[in-house]
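A.B. asks: Return a 3D structure for these sequence lines:
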Amino acid sequence: MKDWWIKLGCYLTGYNYSIVKSSSEASAKAVKKFASALLIISMVWCFIGYEFTSHYLHGSTLTSIIGAIIMVVMVIQIERQIILTIGKSRSVKRFRIIIGIVMAIIGSVIIDQVMFKDDIERERITVDQEKVNKAMIFKTKEINDQIAQLDTSIARKERERMKAIAEITKNPTITAYNTQTQTKADSNGRMVTVGRTMTTQSMPNPKIEMLAQLDGQIKTLHDLKVAKENSLLTIRATVEKEVKENKPFLEELSILFKILMSSPIAFVVWALIFTFFFSIELFVLYCKFGDDKNDYDRTIMHQMQIRMQMIDKLNQ
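C.D. replies: Next up, the predicted model:
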């Protein structure tokens, strides 16, 4: 069990297991200490990655798990930059502190959004109502304009229909003239006209067929108008549903910031969470540079010096 824990620690930290195995207990304890710190940080950021992917990226359970794994891998790789650093570099310390501040702010904000979920939802009701009222003005005007256009089209078709009815009433039938030409061949074989016969035929007014088409078009326009009028009755429910389903990340940040600025207790809670995250982010940094070099670091340095000497001799 002891070797298994050391192997896991070496896998997480990037330490060479064979060197740690041959080193003193101090090196093994350092690996265990770094591994414990990485596990604590990884569990916290695993939760943050899952919540962020699920809540703001609207991912499924599988997608949220993948997002959590990606976040854990990123955090471990960042911490390795500190753990695998040989010596005490001030630039590395400053860079890690800056990253720690940024990550602590991001982590504390996401955790606060989970903790203050009920307060955010309460504030969101007011914000959503304002958005619904603004959207209602635009949506209602748009539908009313469409209804007005349909009324205009219906009125135009009605006038065409009344005109067609008037013409049909006046002339229910029309007379069609058919002219037949009689020809015969002359002595040269050419066809010449010898007479014309004109016949008349009474037939229904073509406006009757056009009247049926106009009735169908008017019915279609009336159905569209009824549908638009019905949509006015349900438009508020539709807009409210769209607004509730859309939860932008920046909007929730604005609501959270408003809560923190208006409530001293909420701000104190956020400050405590930020301090906790910042302390966790600097935990590995403190473990690395707070202790003296162990024999593992000295072994790595010794191997590097030997390799450098060999390279110098080859160059000579």
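A.B. asks: for residue 85, helix, strand, or coil?
C.D. replies: The three-state label given to residue 85 by DSSP: H, G, I helix; E, B strand; the rest coil is coil.
A.B. asks: And the pLDDT at it?
C.D. replies: pLDDT recorded at residue 85 is 73.
A.B. asks: just the helices in the stretch 1-150 of the chain please.
C.D. replies: For the stretch 1-150 of the chain, applying DSSP state H, counting those that start in this stretch gives helices covering 2-13, 17-22, 25-55, 61-83, 90-115, 117-170.
A.B. asks: Would you tell me which one of these is buried the most?
C.D. replies: Highest mean neighbour count of the helices of the stretch 1-150 of the chain: helix 25-55, a mean of 19 (counted as mean count of other CB atoms under 10 Å). Every C-beta, even on glycine, is put in place using the N, C-alpha and C of the backbone.
A.B. asks: Now do it and helix 117-170, the angle between them.
C.D. replies: 30 degrees (axes from the mean of the first three to the mean of the last three CA atoms, to 10 degrees).
A.B. asks: Residue 70 versus the residue nearest the centre of the chain, what's the distance?
C.D. replies: Closest to where the C-alpha atoms of the chain average out (CA atoms, centre = their mean) is residue 57, at 5.4 Å. As for residue 57, its distance to residue 70 is 12 Å (criterion: CB to CB, to the nearest Å).
A.B. asks: on that earlier part again, how much space between the residue nearest to the centre of the chain and residue 238?
C.D. replies: For residue 57, the distance to residue 238 equals 25 Å [CB to CB].
A.B. asks: Next: residue 251.
C.D. replies: Per CB to CB, residue 251 is found 20 Å from residue 238.
A.B. asks: Which residue of those two possesses the greater neighbour count?
C.D. replies: For residue 251 and residue 238, the more surrounded residue by other CB atoms under 10 Å is residue 251, and the numbers stand at 15 against 12.
A.B. asks: wait, what's in contact with that one?
C.D. replies: By CB atoms under 8 Å, 6 or more residues apart in numbering, the contact set of residue 251 is residue 127.
A.B. asks: mind checking pLDDT for it?
C.D. replies: pLDDT, residue 251: 73.
A.B. asks: That one and residue 156: what is the separation?
C.D. replies: 46 Å.
A.B. asks: export the helices of the stretch 1-150 of the chain to a markdown table and tack on distance to residue 310?
C.D. replies: Shown next, in a markdown table, are the helices of the stretch 1-150 of the chain (distance: least, CB to CB, whole Å):
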| stretch | distance to residue 310 |
| --- | --- |
| helix 2-13 | 26 |
| helix 17-22 | 19 |
| helix 25-55 | 25 |
| helix 61-83 | 27 |
| helix 90-115 | 28 |
| helix 117-170 | 61 |
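A.B. asks: so which of these gets nearest residue 307?
C.D. replies: Nearest of the helices of the stretch 1-150 of the chain to residue 307, taken as CB to CB: helix 17-22 at 14.5 Å.
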